[in-house]
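Participant: Below are the sequence and a predicted model; questions follow.
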There are 2 protein chains.
Amino acid sequence: PQVAIVVHGGAWAIPDAKVKGNVAGVQSAALVGYKTLLQGGSALDAVEAAVRSLEDDPIFDAGVGSVLNENGEVEMDAIIMDGETLNFGAISCVQNIKNPVTLARHLLNHPDHNMLTAAGANKFAAEVGISTVPRDVLVTQDAIEEWEEFKKYDGAVKNLFNESGSLKAIPQDRHDTVGAVAIDSYGRLAAATSTGGITAKMAGRVGDSPLVGCGAYADSNVGAVSTTGHGESLMKSMMAHRVVVDVEGGKSMQASVERNLRQMKERVGGCGGVIGIDKNGNVAHGFNTERMSWASVTTDGGVEVGIEPGEVLKAGPA
Amino acid sequence: PQVAIVVHGGAWAIPDAKVKGNVAGVQSAALVGYKTLLQGGSALDAVEAAVRSLEDDPIFDAGVGSVLNENGEVEMDAIIMDGETLNFGAISCVQNIKNPVTLARHLLNHPDHNMLTAAGANKFAAEVGISTVPRDVLVTQDAIEEWEEFKKYDGAVKNLFNESGSLKAIPQDRHDTVGAVAIDSYGRLAAATSTGGITAKMAGRVGDSPLVGCGAYADSNVGAVSTTGHGESLMKSMMAHRVVVDVEGGKSMQASVERNLRQMKERVGGCGGVIGIDKNGNVAHGFNTERMSWASVTTDGGVEVGIEPGEVLKAGPA
């Protein structure tokens, strides 16, 4: 089969001021992954390279640019999955690591364990020679401002509640995530997802991103998927696995993505976005949030990007 | 519908000396859960009560009796899921808590978060008023001896490897898990799973048990499942969710359990056990390990228990 890759930079109400940077970031990451594939890299190599590119870009909430938890700390989650073997490596609640997806990849072929959390994940990082970075390397001015605004708003809401008894909803758009899915020239599929979570999350909160079948799933016999959006809804719906199961049952990847986003909203009320590639190299993407930044290089070598609903911008050949 | 409950005490090579205690423990837990249902408790109440009973029984690897990690520490995982709303509470890598399933239940209806890990999980426990217990309350003599034997064996294996170049496999049966699935008089389904993991696991290792769709899944429109066995294989296979998806597709719960255990062994090589109840109250259980302790009270009020393959012992009415 021909190679293909699709990446996302998060499905949420991306503000106008961040549109340009989001589009540039996903396009660049897709091209990094595509180049990896053209140079003979595996699907795993490609999704790792693409997600590293997104983690290194401060506009995205993963690696550098991760949002801050309730204590002002950075706690990150990541997963990478090999569709050939169903092996995966998953890391939750890790601190001071620049590229959590690479740490997850080190765990991928561990004989005993697939998932490590918190201090244990950091201990493993040291064992495999991944050096730590100071918190400040990961924290952007944007992340600090969003955290301070939330803290202020959170206090305001609590005061309002105390006075009137009616509680205004806390804004839900404190989250995004990055991810990538690829197929290589041997028809192998892989998926990866990485995130800093949501602003002011509780210490130790684990979202959907590092959970197999929720934030990502890959089976080279069927298809591979990475998800983004309201983490708790994606978890309840088992979004990544459910899309793959639908494709296994004979639906197209695109129809499965759209159907499951619709069903998630109906059943548990949450919105999100999904990218996927089936075993034949068909690329799919969908979201029911306000925006999702995504980019792909399809099997014909054409580059596509988008951020608005229903929009597909052709960016010419890779 | 009539109420029903099924529980398991782990699928592995349960040694002869532990057979009697295992059977007594699962039977007792099933009756505790059944009594909860008869007294008007919800399916959630019943699975929590049954799993608490298993956590409190030192013969099982969950709560009191949890095995020790590489550092001799106890790190526990648990999940509880409500089939009505698909809400769940999941805890990974928590220390010094006597009943992790109850901590998970406190998280079940949290507005923002479904899963907490490590120190964040312990912080949440303190916030909801769950007091800690000293490590020694959780640690049994059996757990210490298993850990010491493993440490000795681990060292011996490493020496052997260094001398001859051939590595003997480390025994895989260092794990079990407990779980429960119930249907209440309103037809509501719930599932819960709890574990201390595997002896000498790396610090921070997260197994299948607390992962939604792997260790447990519940959907009142379809069925509910709890799993046990080789955690990493159960995760790769998305065992709990896959069984529920098969039932949704029209298969019986028992056929789905058996089919997916077979498929897991073929695809990723691991063995395990599954218990489940469908939306009509049909109880199922299966395993392809040497033994699995399980007990159920079916909708006709009859008690069944078993531990050997193909064995169903009638224990009379509840």
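Facilitator: Here it is on my side, so go on. Residues are numbered from 1 along each chain as shown, chains lettered A, B, ... in the order given.

Participant: what's stretch A:128-144 in contact with?
Facilitator: The contact list for stretch A:128-144 (CB atoms under 8 Å, 6 or more residues apart in numbering or on different chains) reads A:58, A:61, A:63-68, A:73-74, A:95-98, A:102-103, A:106, A:122, A:125-126, A:196, A:199. Bear in mind the C-beta positions are built from the backbone N, C-alpha and C, glycine included.

Participant: how long is it from one end to the other?
Facilitator: Start and end residues of stretch A:128-144 are separated by 31 Å (CA to CA, to the nearest Å).

Participant: Would you check the distance separating it from the middle of the chain?
Facilitator: Mean-position distance between stretch A:128-144 and its chain equals 18 Å (CA atoms, centre = their mean, to the nearest Å).

Participant: And for stretch A:301-311?
Facilitator: On CA atoms, centre = their mean, the centre of stretch A:301-311 falls 17 Å from the chain's centre.

Participant: pLDDT averaged over it - what is it?
Facilitator: Averaged across stretch A:301-311, the pLDDT comes to 96.

Participant: Would you indicate which residues of it are buried?
Facilitator: Buried residues in stretch A:301-311, counted by 16 or more other CB atoms under 10 Å in any protein chain shown: A:303, A:304, A:305, A:306, A:307.

Participant: In what element of secondary structure is the third one found?
Facilitator: This means residue A:305. Residue A:305 belongs to strand A:302-306 when assigned by DSSP states H and E.

Participant: Show me what the helix or strand just after that strand is packed against.
Facilitator: Downstream of strand A:302-306, the next assigned helix or strand under DSSP H and E is strand A:313-317. When contacts are defined as 3 or more CB pairs under 8 Å, 6 or more residues apart in numbering or on different chains; DSSP states H and E, strand A:313-317 packs onto strand A:302-306.

Participant: Relative to the strand it packs on, what are the paired strands and their orientations?
Facilitator: Looking at strand A:302-306 with DSSP bridges, its partner strands are strand A:291-297 (antiparallel), strand A:313-317 (antiparallel).

Participant: Most tightly packed of the ones you listed?
Facilitator: Each of those was scored by mean neighbour count; the highest is strand A:291-297, a mean of 29, by mean count of other CB atoms under 10 Å in any protein chain shown.

Participant: mind checking which helix or strand of chain A has the lowest mean pLDDT?
Facilitator: Lowest on mean pLDDT, DSSP states H and E among the helices and strands of chain A sits helix A:141-164, with a mean of 69.

Participant: burial measure for residue A:233, as a count.
Facilitator: Residues lying near residue A:233 (other CB atoms under 10 Å in any protein chain shown) number 21.

Participant: ok, back up a step: worst mean pLDDT among the strands paired with strand A:302-306?
Facilitator: Lowest mean pLDDT within the strands paired with strand A:302-306: strand A:313-317, a mean of 84.

Participant: and for the strand holding residue A:305, what are the contacting residues?
Facilitator: Contacts of strand A:302-306 (CB under 8 Å, 6+ apart): A:23, A:26-27, A:30-31, A:285, A:292-298, A:312-318.

Participant: Tell me which helix or strand comes right after the host helix or strand of residue A:235.
Facilitator: Assessed by DSSP H and E, residue A:235 sits inside helix A:231-237. Toward the C-terminal end, the helix or strand that comes next after helix A:231-237 (DSSP H and E) is helix A:239-248.

Participant: Between helix B:239-248 and that following helix, find me the angle.
Facilitator: For helix A:239-248 against helix B:239-248, the angle by axes from the mean of the first three to the mean of the last three CA atoms, to 10 degrees is 40 degrees.

Participant: tell me which element the residue in the stretch 51-200 of chain A positioned nearest to chain B is part of?
Facilitator: Per CB to the nearest CB, residue A:120 is where the stretch 51-200 of chain A lies closest to chain B, at 1.4 Å. Assigned by DSSP H and E, residue A:120 belongs to helix A:118-127.

Participant: which bits of the stretch 101-250 of chain A sit near chain B?
Facilitator: Where the stretch 101-250 of chain A comes near chain B, counting by CB under 8 Å from any CB of the partner chain, the residues are A:112-121, A:123-124, A:198, A:201-207, A:211-214, A:217, A:232, A:235-238, A:241-242, A:245, A:249.
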